[in-house]
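Student: sequence first, then the predicted structure:
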2 protein chains.
Amino acid sequence: MADFKKLNLLKLLDPIAADLKQVERMLIEQVGGFEPHIRAAIQYLLDGSGKRLRPALALLAGGATGGVTDRHQVIGVVVELIHLATLVHDDVLDEAKVRHGRPSAHERWGNIVSVLLGDCLFARALHLTATHTNTDICCRVSAAANTVCAGEILQNQHSFDLNLTREQYLDLINMKTGALFALSSELGALLNESDAPVVEQMRDFGSQLGIAYQIYDDCVDIFGQERASGKSLGTDMKKGKLTLPLLLLLEHTGADKRAAVGEIIFHGAPSERQRLLELALGNGVITESLLTVDRHLQRARNKLAGLPDNAHTQALTGLMDFIGYKTGTLMKEAVAA
Amino acid sequence: MADFKKLNLLKLLDPIAADLKQVERMLIEQVGGFEPHIRAAIQYLLDGSGKRLRPALALLAGGATGGVTDRHQVIGVVVELIHLATLVHDDVLDEAKVRHGRPSAHERWGNIVSVLLGDCLFARALHLTATHTNTDICCRVSAAANTVCAGEILQNQHSFDLNLTREQYLDLINMKTGALFALSSELGALLNESDAPVVEQMRDFGSQLGIAYQIYDDCVDIFGQERASGKSLGTDMKKGKLTLPLLLLLEHTGADKRAAVGEIIFHGAPSERQRLLELALGNGVITESLLTVDRHLQRARNKLAGLPDNAHTQALTGLMDFIGYKTGTLMKEAVAA
């Protein structure tokens, strides 16, 4: 495993640095493809300092299965546009005021325009796909978009639902996040005309990586530091979203106390919530969350077996190590705090 | 011109009755293509007794340019799905409580789920397009979806804007409504591999028909009877949407009184609004609205020149006559009331 004290994400993505820059240029160029009266808003959304994880995944999956082509860059733009569309809608649903350290779109333009901006980004992604690839890829892109939205609806249907199970939560984040990671990874291979089993394998890899990443992201919302992550913290709890650490905490809670604990999660004062998290710390919840992330990373790792051992495959492995490392650090800091 | 006292829309669409039934069957079949937990909601949206005008347009345009094929039926489903998606989002934006005489989606499931349901319908439309047609058609479908959303944003940007001009209003409804009518009509011809000028002509036809229809629809919101139209009336005014009759009324209002008239339009009591509409009736506003609808219908009619004089082309002409007739009747009833 790499020495992460010396490593950062940028260094990890070095094999695709030039491709990512090109994706960034193409993202900015997209602005011109929108109607004049919405360009400023689209520009604002594209300028956000996202990590471009999904484009990176498409590019690395390409490099690991034959090579990175222009069409991989296009797909990088496509998956980032879809991701940005879901972020905009997410922020509306979460009523988040901050995204990547700046006012969120819905805070700047209101719910209505945000919803429609998201739709425009999504339509543009499909347009770009149809312009540069084929109908098979168009099918997969639109199916993934459908799944992501269905995942968001499922999440919404389970708001404030103390009966949500761990399995349902995992299904839900697989739809909400796994689907777009799976698409990015799968298309990376498909564009190289990899055999169907390899495409399927890369799809599963992306799916597992997405689940691991979403659990990490959900843990940040509970245990992270707002300053560092650039978004409002604890919004999940207030919005009735039960994520893995909370589900584990509820599993450890006797049936007679679950309603009371739920009340604190959803409606508690900050001091009450703080006490609850301290309870979680002493309860094995942190360890179990870490282990769950590791389990999905391991499943992802298994899917890479058989790929050539080149710089891109190594970067994919590095990405998994990185998520594991970040989750571990987050949890260690939570214990120390 | 046909005798509309004996005619209804159903009779008019007789040449494509079987195709429309098939479109209806295929729309219902779509339910199975969505994730299980959203099927009931999708079913509810598809069951609505919409007029299926856009599918009719795609089918008639097909029949007028060579014949109606299976792919025309698919495109009929596609344009209706996109239309339903925009209706769902529209209702969220308008906070309309009723759609086609039933509770609107956002009234039943709330804003969040409605937004996402709209997204799912849209993604499904693109998926269907990619499955059954080609990338050129995928491009046109996604571009139209983008335009429709951009039109909605433009409308939102001009909410409560007393400086909105008639030209801006026409641009706006051309984006919001004309784009999908244009797409339906254009694809009808394109699927028959019509020459580019014919495709372009059918596109322009759809666009003009859409503008005429939207003006009619906007007039219903002001002058119609809630019972008959099945949606909440006067929502446009309350939501700050200035439509043609109101813009004409404002044009007839001296600069010193525009702010006061605007105040009544947007925030007036029902009795004040009623007095304003009576003012409009005596002011030539009704006649001018009618003339504007007729002007766009005439432009649409001109675009049909050169098409074979078959049952489908006649039905397209009949559709224009029908919109003209409905607008005239609406206005006559408003004067008589």
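Tutor: Noted; the coordinates are in hand. Numbers count the residues shown, from 1 in each chain, chains lettered A, B, ... in the order given.

Student: so where do the strands sit in the stretch 1-150 of chain A?
Tutor: Counting by DSSP state E, counting those that start in this stretch, the stretch 1-150 of chain A has strands at residues A:98-99, A:102-103.

Student: hey, least reliable of the ones you listed by pLDDT?
Tutor: Lowest mean pLDDT of the strands of the stretch 1-150 of chain A: strand A:98-99, a mean of 68.

Student: excluding its backbone neighbours, what's nearest residue A:26?
Tutor: Counting by C-beta to C-beta, 6 or more residues apart in numbering or on different chains, residue A:77 is the residue found nearest to residue A:26 once chain neighbours are left out, at 4.8 Å. C-beta coordinates here come from the backbone N, C-alpha and C atoms, glycine included.

Student: shouldn't that neighbour be in contact with residue A:128?
Tutor: Yes: at 6.3 Å, residue A:77 counts as touching residue A:128 under the criterion of C-beta atoms under 8 Å.

Student: any common contacting residues for these two?
Tutor: Taking C-beta atoms under 8 Å, 6 or more residues apart in numbering or on different chains as the contact rule, residue A:77 and residue A:128 both touch residue A:30.

Student: the two: which is more packed in?
Tutor: Set residue A:77 next to residue A:128 and count neighbours by other C-beta atoms under 10 Å in any protein chain shown: residue A:77 wins out with 26 against 21.

Student: OK, contacts around the more buried one?
Tutor: When contacts are counted by C-beta under 8 Å, 6+ apart, residue A:77 touches A:23, A:26-27, A:30, A:55, A:125, A:128.

Student: in helices, which of those fall?
Tutor: Among those, the members found in helices (DSSP state H) are A:23, A:26-27, A:30, A:55, A:125, A:128.

Student: nearest to residue B:154 among those residues?
Tutor: Lowest distance from residue B:154 to the ones in helices among the contacts of residue A:77 (C-beta to C-beta) belongs to residue A:30, with 19.1 Å.

Student: burial check on the closest one, number of neighbours?
Tutor: Applying other C-beta under 10 Å, we find 20 residues neighbouring residue A:30.

Student: can I get the contacts of residue A:77 in TSV including pLDDT?
Tutor: Formatted as TSV, those follow (pLDDT from 0 to 100):
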residue	pLDDT
A:23	96
A:26	95
A:27	94
A:30	93
A:55	97
A:125	96
A:128	97
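
Student: top of those residues by neighbour count?
Tutor: Highest neighbour count within the contacts of residue A:77: residue A:55, with 30 neighbours (other C-beta under 10 Å).

Student: most distant residue from the middle of chain A?
Tutor: In chain A, residue A:256 marks the outermost C-alpha relative to the chain mean, sitting 34.9 Å out by C-alpha atoms, centre = their mean.

Student: so what's that one scoring on pLDDT?
Tutor: Residue A:256 is assigned 91 on the pLDDT scale.

Student: that one in helix, strand or coil?
Tutor: What DSSP: H, G, I helix; E, B strand; the rest coil gives for residue A:256 is helix.

Student: likewise residue A:163?
Tutor: Classification of residue A:163 using three-state DSSP returns coil.

Student: could you measure it against residue A:219, distance?
Tutor: Taking C-beta to C-beta, to the nearest Å as the criterion, residue A:163 is separated from residue A:219 by 22 Å.

Student: and the two? Which one has more around it.
Tutor: Under the criterion of other C-beta under 10 Å, the comparison of residue A:163 against residue A:219 puts residue A:219 first, with 23 against 9.

Student: so that one touches residue A:243, yeah?
Tutor: Yes: with contacts counted by C-beta under 8 Å, residue A:219 reaches residue A:243, the gap being 7.5 Å.

Student: any residue of stretch A:113-124 up close to chain B?
Tutor: Yes: applying C-beta under 8 Å from any C-beta of the partner chain, one finds stretch A:113-124 touching chain B at A:113, A:115-120, A:122-124.

Student: how far does that stretch sit from the chain's center?
Tutor: In terms of C-alpha atoms, centre = their mean, to the nearest Å, the centre of stretch A:113-124 is found 19 Å from the chain centre.

Student: list of residues touching it?
Tutor: Residues external to stretch A:113-124 that are found in contact with it (C-beta under 8 Å, 6+ apart): A:30, A:33-34, A:38, A:41-42, A:45, A:81-82, A:84-86, A:88-89, A:91-92, A:104-106, A:109, A:145, B:89, B:92-93, B:115, B:118-119, B:122-123, B:142-143, B:145-146, B:149-150, B:152-153, B:156-157.

Student: recalculate using a threshold of 7 Å.
Tutor: Stretch A:113-124 has contacts (C-beta atoms under 7 Å, 6 or more residues apart in numbering or on different chains) with A:30, A:33-34, A:38, A:41-42, A:45, A:81-82, A:84-85, A:88-89, A:91-92, A:105-106, A:145, B:89, B:115, B:119, B:122, B:142, B:145-146, B:149-150, B:152-153, B:156.

Student: contact residues of chain A facing chain B?
Tutor: Chain A comes close to chain B at residues A:34-35, A:37-38, A:89, A:93, A:112-113, A:115-116, A:119-120, A:122-124, A:126-127, A:130-131, A:134-135, A:138-139, A:142-143, A:145-146, A:149-150, A:152-154, A:156-157, as judged by C-beta under 7 Å from any C-beta of the partner chain.

Student: got the contact list for residue A:310?
Tutor: By C-beta under 7 Å, 6+ apart, the residues touching residue A:310 are A:63-64.

Student: for chain B, see how far away it is.
Tutor: Look at residue A:310 and chain B: by C-beta to the nearest C-beta, to the nearest Å, they are 31 Å apart.

Student: equivalent analysis for residue A:52, please.
Tutor: Using C-beta to the nearest C-beta, we find residue A:52 at a distance of 22 Å from chain B.

Student: I'd say that residue and residue A:19 touch.
Tutor: No: applying C-beta atoms under 7 Å as the test, residue A:52 and residue A:19 come out as separate, 10.5 Å apart.

Student: and these two? which has more neighbours close in?
Tutor: Taking other C-beta under 10 Å, residue A:52 and residue A:19 do not tie; residue A:19 has more neighbours (23 against 20).
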